[in-house]
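**Student:** here is the input, now give the coordinates:
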Amino acid sequence: MSSVFWHTLFGASTGFDLSQISELLNIAKNKGLKAIPTGSELSKIQASRLSTDTKMSKDQIELGKMLYFDPRLSGNKELSCNSCHNLSLGATSQVRKENNPALLNAPTLYNVVFNNIMHYNGDITDTRSNNPGKKDTTLSALSKAILASFTSKDELNNTTKGMMKSLDDIKNYKYLFNRAYGSDVKVTPALVADTIASFVATLTTPSRFDDFLHGNLKALSQDELEGLVLFIKQGCISCHTGVNLGGTMQPFGVLKPYKFASLGGFKGDAHGNVKVPTLRNITLSEPYFHNGGYKELHKAIDEMARIQIGINLSSRETKLIADFLSSLDGYIKPVRLPLLPSSYHDIDEKSSIDDLR
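**Tutor:** Okay, here's the model as predicted:
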């Protein structure tokens, strides 16, 4: 990297000029940082996370949203996907202690559509074919994780049979699935997961940093640019890269042990690796780390630098990196809460349930 960037780190900065910002943009791209896709490219990625029967139609997405918010599908009829992945709280939540012995912190679902690995231990991966012309009925990692959440004791704590019975008991869901998929649809657990995934796949949050990656050289402030330089120079980018600035399995506590490693006792996968969390919307998704050990972003940054890179950041360096990370806060499209279908009676196509759209 050109030395013109490093003068800003030693108090001699008068600000980046456009030629330096342009060079920094090229370096960021070459290092693997990618903007959230748009248009047909985004649609292609979203479609790749769903089965061939799920086309992300308006009716399918709306049905997926209802299922996402419906607590009646859980074991105790009180928890929904939104209970832990609260869309009003950065699509995450505070660490739940009930039925959660490892004290795992619910990761955000915003932009999860760009991940091929799910869960901190990476136990769910995408095995679907990359050939767009090949019919593949295998569930994506996203849909598999959604389906697994219904039977996990530390999530919705139901059984597949129990979840499907709840759907059968809520009579109006039959009409909604017919409306979304056709009258001959067979509602299966896999289709339920894919339908929820169709809604989750819409939860993308383009940010000012994406504007920068698309070529807007004035999208970031001087402090944010300096933070990006540090982010690259100090090696944060070696793990936090790609569209989500995270999502791969990496060693944790590389140079020093994590201060709160004993909290919950989570050890990662068989090799001690942990899935790298996304840095998008990071200011909205506290607490930080897999067990929520830190509530303040600047302390989490300091800890990562200490245990992963082996350096002690100055307070100014920490602030600049935090400033850069704030540029990853994206536009979160408001989600209108759905009216959930009734369990009292069947309905026909002329029913007022169409008002739920």
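**Student:** low pLDDT regions in the protein?
**Tutor:** The chain contains residues with pLDDT under 70 at 1-14, 52, 129-137, 345-357.
**Student:** that one: helices as residue ranges?
**Tutor:** Secondary structure of the chain by DSSP state H: the helices cover 18-30, 39-48, 58-69, 81-84, 141-151, 160-169, 172-181, 189-200, 208-213, 222-233, 297-304, 315-326.
**Student:** starting at the chain centroid, how far to the fourth one?
**Tutor:** Relative to the chain's own centre, helix 81-84 is displaced by 13 Å; criterion: Cα atoms, centre = their mean, to the nearest Å.
**Student:** residue 110 contacts residue 332, correct?
**Tutor:** Yes. Residue 110 lies in contact with residue 332 (Cβ atoms under 8 Å); the separation is 7.1 Å. Every residue, glycine included, has its C-beta placed from N, CA and C.
**Student:** what do those two both touch?
**Tutor:** Taking Cβ atoms under 8 Å, 6 or more residues apart in numbering as the contact rule, the neighbours common to residue 110 and residue 332 are 205, 281.
**Student:** about what we covered before: tell me the most buried of the helices of the chain?
**Tutor:** Ranked by mean neighbour count, these are led by helix 189-200 with a mean of 24 (mean count of other Cβ atoms under 10 Å).
**Student:** packing partners for that one?
**Tutor:** helix 58-69, helix 141-151, helix 160-169, helix 172-181 (3 or more Cβ pairs under 8 Å, 6 or more residues apart in numbering; DSSP states H and E).
**Student:** residue contacts, residue 295?
**Tutor:** Neighbours of residue 295 in contact, by Cβ under 8 Å, 6+ apart: 286, 287, 288.
**Student:** how about residue 92?
**Tutor:** Residue 92 is in contact with 84, 85, 86, 105, 106, 107, 108, 109, 285, counting by Cβ under 8 Å, 6+ apart.
**Student:** closest to residue 96 among those?
**Tutor:** residue 84 (6.7 Å; Cβ to Cβ).
**Student:** re the thing from before, take the helices and strands packed on helix 189-200 and lay them out in a markdown table including distance to residue 304.
**Tutor:** Output for those, formatted as a markdown table (distance: least, Cβ to Cβ, whole Å):
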| stretch | distance to residue 304 |
| --- | --- |
| helix 58-69 | 31 |
| helix 141-151 | 25 |
| helix 160-169 | 38 |
| helix 172-181 | 43 |
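**Student:** closest to residue 317 out of those helices?
**Tutor:** Using Cβ to Cβ, the nearest of those to residue 317 is helix 141-151, at 35.2 Å.
**Student:** show me how far the closest one is from its chain's centre.
**Tutor:** On Cα atoms, centre = their mean, the centre of helix 141-151 falls 14 Å from that of its chain.
**Student:** how far does stretch 62-78 stretch from start to finish?
**Tutor:** Taking Cα to Cα, to the nearest Å, the first and last residues of stretch 62-78 lie 21 Å apart.
**Student:** who touches that stretch?
**Tutor:** Contact with stretch 62-78 is made by 79-83, 150, 156-159, 162-163, 166-167, 170, 176-177, 179-180, 192, 195-200, 335, 337-338, 340-341, 343, 356-357, as judged by Cβ under 8 Å, 6+ apart.
**Student:** hang on, the earlier thing: which of the contacts of residue 92 lies closest to residue 51?
**Tutor:** Nearest member of the contacts of residue 92 to residue 51, counting by Cβ to Cβ, is residue 109, at 19.2 Å.
**Student:** now that closest one: how far from residue 75?
**Tutor:** 21 Å (Cβ to Cβ, to the nearest Å).
**Student:** the more surrounded of these two?
**Tutor:** residue 109 (25 against 18; other Cβ atoms under 10 Å).
**Student:** ok, the more buried one touching residue 202?
**Tutor:** No. If you go by Cβ under 8 Å, residue 109 and residue 202 don't touch, sitting 10.7 Å apart.
**Student:** related to what we said a few turns ago, neighbour-wise, which one of the contacts of residue 295 leads?
**Tutor:** Of all those, residue 288 has the most neighbours under the rule other Cβ under 10 Å, reaching 20 neighbours.
**Student:** who does that one bridge with?
**Tutor:** residue 294 (DSSP bridges).
**Student:** so who does it touch?
**Tutor:** Listed by Cβ under 8 Å, 6+ apart, the contact set of residue 288 reads 105, 282, 294, 295, 297, 300.
**Student:** in those residues, find the pair that's most separated.
**Tutor:** Within the contacts of residue 288, 105 and 297 form the most distant pair, 14.0 Å apart (Cβ to Cβ).
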